[in-house]
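kindly generate the corresponding structure for this input.
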Amino acid sequence: MGGKFLIRTFGCQMNEYDSQRMADALAASDGLERTDRPEEADVIVFNTCSVREKAQEKVFADLGRIHHLKRANPALVVAVGGCVASQEGAAIVARAPYVDVVFGPQTLHRLPELIQRRRRSGEAQIDISFPEIEKFDHLPAPRVAGVSAFVSIMEGCSKYCSFCVVPYTRGPEVSRFFEDVVVEVADLASQGVREVTLLGQNVNAWRGEIDGAPADFAALLAYVAEIEGIERVRYTTSHPREFTQRLIDAHRDLPQLAAHVHLPVQSGSDRMLAAMKRGYTALEYRSIARRLRAARPGISLSSDFIVGFPGESEADFEATLALVREVGFDDSFSFVYSPRPGTPAAELADTLPHEAKRARLQRLQAAIEAQAGAIRAAKVGRVERVLVERPSKKNPEELSGRTSSNHVVNFRGDAQLIGCFVEVRIDAARAHTLRGILENDDGLVRAA
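Now for the predicted structure:
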């Protein structure tokens, strides 16, 4: 067919991965080429997130901004996928009648077919069903241009936290087959990928079979770490309820496993954790952090926090600050609570003024940023192993990469080092990044 497509992605890394797989499907089935210019596109896809209210409304605002393109070119196909699509379904077309296709996270592989149906029938196509893992059997092999890539190992969520829409928009937890994950990672390694990030809404809930025997996430990590060409393995997002001792031991035993864990806690108050239906206590979370640091000294921890959940008192919030001080996070995603329609928490009385919530959020973010700044400053003078990913965004004459602990480092170096692991001595800590000096070229691991 030919032509061009544009994909705009909202939300989490799962959505980023899904968008890349949509791009693979459109290129393989219809020969479409990617563009960043909406006016050039024959297909525009919005891959949406409904976790927070602002993200959801932003989708409809952006849809409104391309309405003139549809009026000027009725053949333009406008598609909405992701979690907002799954949650809203036909209501999207009712609100924005110029939308041609609505599809969910589990039916993204059907996007080319849905576009063809729309063109043949002239009617909007909606498919927000939940076929288990089917999409991975119908998507083309992933194609990447960089040295780092995402690999989805499971879909959905079965935790049913009281504030979260994900179980309703992505369905229950379903793990990909072990063989499929390993084959995808090996294929990426053959394309020059040196670092993979395993993805799942609760990635450490993965369960499968290896050589006919039941296997858990720790076992999968051990096999992925042994794939030739893969030098570093990350994963996100993990859940405290599934954070087993075997997974903690993997951080001790697998040198390829990055020294960084993103482990959402949401609150330091047991009363709030119970209301959120998180399934663990603050003490249990502290225990995981303590055992992780014993297994992998220097490991970096980041987290998610919800401020102002219905019923949160000042004492509850102080308990969160106390947990932050004790655990020592060096990054976080923290937000004021946003009620999502259809979730149990949306029915709870919420009497705390928004101004008070914002003030608490600022206090939390200031505490975590102070910790993060101290952690970055402590790295000055140390030599870090960095995977060089690209030219620096602010200075194309410099290179940018990440440490095992997930800190961005910018330094001067030859562009030929992209795709290599290099030793960099940190000489400065900036607001959100590190600066360093290339030590030497010894022991480089070059991309094939």
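
would you state the strands of the stretch 51-200 of the chain in chain order?
Under the criterion DSSP state E, counting those that start in this stretch, the stretch 51-200 of the chain carries strands at the ranges 77-81, 101-103, 125-127, 148-152, 154-155, 174-175, 195-199.

partners of the second one, with directions?
Read that as strand 101-103. Based on DSSP bridges, the strands next to strand 101-103 in the sheet, each with its direction, are strand 77-81 (parallel), strand 125-127 (parallel).

including distance to Phe411 and mean neighbour count, could the strands of the stretch 51-200 of the chain go into JSON lines?
In short, each C-beta sits where N, CA and C put it, glycine included. Converted to JSON lines, those look like this (distance: least, Cβ to Cβ, whole Å; neighbours: other Cβ atoms under 10 Å):
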{"stretch": "strand 77-81", "distance to Phe411": "38", "mean neighbour count": "25"}
{"stretch": "strand 101-103", "distance to Phe411": "42", "mean neighbour count": "26"}
{"stretch": "strand 125-127", "distance to Phe411": "47", "mean neighbour count": "21"}
{"stretch": "strand 148-152", "distance to Phe411": "18", "mean neighbour count": "22"}
{"stretch": "strand 154-155", "distance to Phe411": "36", "mean neighbour count": "24"}
{"stretch": "strand 174-175", "distance to Phe411": "39", "mean neighbour count": "20"}
{"stretch": "strand 195-199", "distance to Phe411": "18", "mean neighbour count": "22"}
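
comparing those strands by mean pLDDT, which bottoms out?
Taking the average pLDDT of each of the strands of the stretch 51-200 of the chain, the minimum falls on strand 154-155, with a mean of 91.

give the other helices and strands that that strand contacts.
Judged by 3 or more Cβ pairs under 8 Å, 6 or more residues apart in numbering; DSSP states H and E, strand 154-155 is in contact with strand 174-175.

run through who's touching the strand it packs on.
With Cβ atoms under 8 Å, 6 or more residues apart in numbering as the test, strand 174-175 has contacts from Glu132, Ile133, Ile153, Met154, Glu155, Gly156, Ala205, Trp206, Arg207, Gly208.

check which helix or strand Ala370 maps to.
Remark: Ala370 resides in helix 354-378, with elements defined by DSSP states H and E.

re the thing from before, could I get the strands of the stretch 51-200 of the chain as a markdown table with distance to His432?
Written out in a markdown table, the entries for the strands of the stretch 51-200 of the chain read as follows (distance: least, Cβ to Cβ, whole Å):
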| stretch | distance to His432 |
| --- | --- |
| strand 77-81 | 31 |
| strand 101-103 | 35 |
| strand 125-127 | 40 |
| strand 148-152 | 19 |
| strand 154-155 | 30 |
| strand 174-175 | 34 |
| strand 195-199 | 20 |
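
out of the ones you listed, nearest to Asp216?
strand 174-175 (10.1 Å; Cβ to Cβ).

still on that earlier bit, compare the strands paired with strand 101-103 and give me the one nearest Asp414.
Closest to Asp414 of those, according to Cβ to Cβ: strand 77-81, at 40.1 Å.

what about that closest one, distance to the chain center?
A distance of 22 Å separates the centroid of the chain from that of strand 77-81, by Cα atoms, centre = their mean, to the nearest Å.

surely Ile437 touches Val422?
No. Using Cβ atoms under 8 Å, Ile437 and Val422 do not qualify as a contacting pair, with a distance of 10.8 Å.

who does the helix or strand bottoming out on mean pLDDT in the chain touch, helix- and strand-wise?
For the chain, counting by mean pLDDT, DSSP states H and E, helix 134-138 ranks last in confidence among helices and strands (a mean of 73). Counting contacts by 3+ Cβ pairs under 8 Å, 6+ apart, helix 134-138 is packed against no other helix or strand.

what distance separates that helix from the centre of its chain?
Taking Cα atoms, centre = their mean, one finds the center of helix 134-138 at 20 Å from the center of the full chain.

what does stretch 422-435 give?
On the basis of Cα atoms, centre = their mean, the separation between the geometric centre of stretch 422-435 and that of its chain is 24 Å.

out of Ile437 and Val422, which sits in the more crowded spot?
Counting neighbours by other Cβ atoms under 10 Å for Ile437 and for Val422 shows that Val422 has the greater number, 24 against 14.

who does the helix or strand containing the more buried one touch, helix- and strand-wise?
In this structure, Val422 is located in strand 421-429 according to DSSP H and E. Other helices and strands packing on strand 421-429, by 3+ Cβ pairs under 8 Å, 6+ apart, are helix 354-378, strand 383-391, strand 408-412, strand 434-438.

in its sheet, which strands sit next to the second one, and in what direction?
Translated: strand 383-391. strand 398-403 (antiparallel), strand 421-429 (antiparallel).

repeat for the third one
Partner strands and pairing direction for strand 408-412 (DSSP bridges) are strand 398-403 (antiparallel), strand 434-438 (parallel).

can you list contacts of stretch 402-417?
Residues from elsewhere that reach stretch 402-417 (Cβ under 8 Å, 6+ apart): 232, 234, 258-260, 298-300, 302, 330-331, 376, 379, 384-389, 391-392, 394-395, 397-401, 422, 424, 426, 432-438, 444.

emit the PyMOL select command for whichever of those residues are buried.
Isolation of the buried members of the contacts of stretch 402-417 (16 or more other Cβ atoms under 10 Å) is achieved in PyMOL through the command below:
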select buried, resi 232+234+258+259+260+299+300+302+330+331+376+379+384+385+386+387+388+389+391+392+399+400+401+422+424+426+433+434+435+436+438
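
what stretches of the stretch 301-448 of the chain score poorly on pLDDT?
Within the stretch 301-448 of the chain, the segments meeting pLDDT under 70 span 441-448.

circling back: would CSV of the strands paired with strand 101-103 with distance to Lys277 be doable?
Rendered in CSV, the data for the strands paired with strand 101-103 read as follows (distance: least, Cβ to Cβ, whole Å):
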stretch, distance to Lys277
strand 77-81, 28
strand 125-127, 30
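
could you say what helices and strands the helix or strand containing Leu6 packs with?
Assigning secondary structure by DSSP H and E places Leu6 in strand 4-9. On a contact count with 3+ Cβ pairs under 8 Å, 6+ apart, strand 4-9 meets helix 13-30, strand 33-34, strand 43-48.

and the contacts of the strand holding Val422?
Contacts made with strand 421-429 from outside it, assessed by Cβ under 8 Å, 6+ apart, are listed as 194, 231, 373, 376-377, 379-388, 401, 409, 411, 413, 434-445.

the same query, at a cut-off of 7 Å, please.
The list of residues contacting strand 421-429 from outside it, by Cβ atoms under 7 Å, 6 or more residues apart in numbering, reads 231, 376-377, 379-388, 409, 411, 434-440, 444-445.

over to stretch 104-114?
Contact with stretch 104-114 is made by 18, 21-22, 25-26, 29-30, 79, 81-83, 85-86, 101, 103, 125, 127-131, 135, 138-139, 155, 170-171, as judged by Cβ under 7 Å, 6+ apart.
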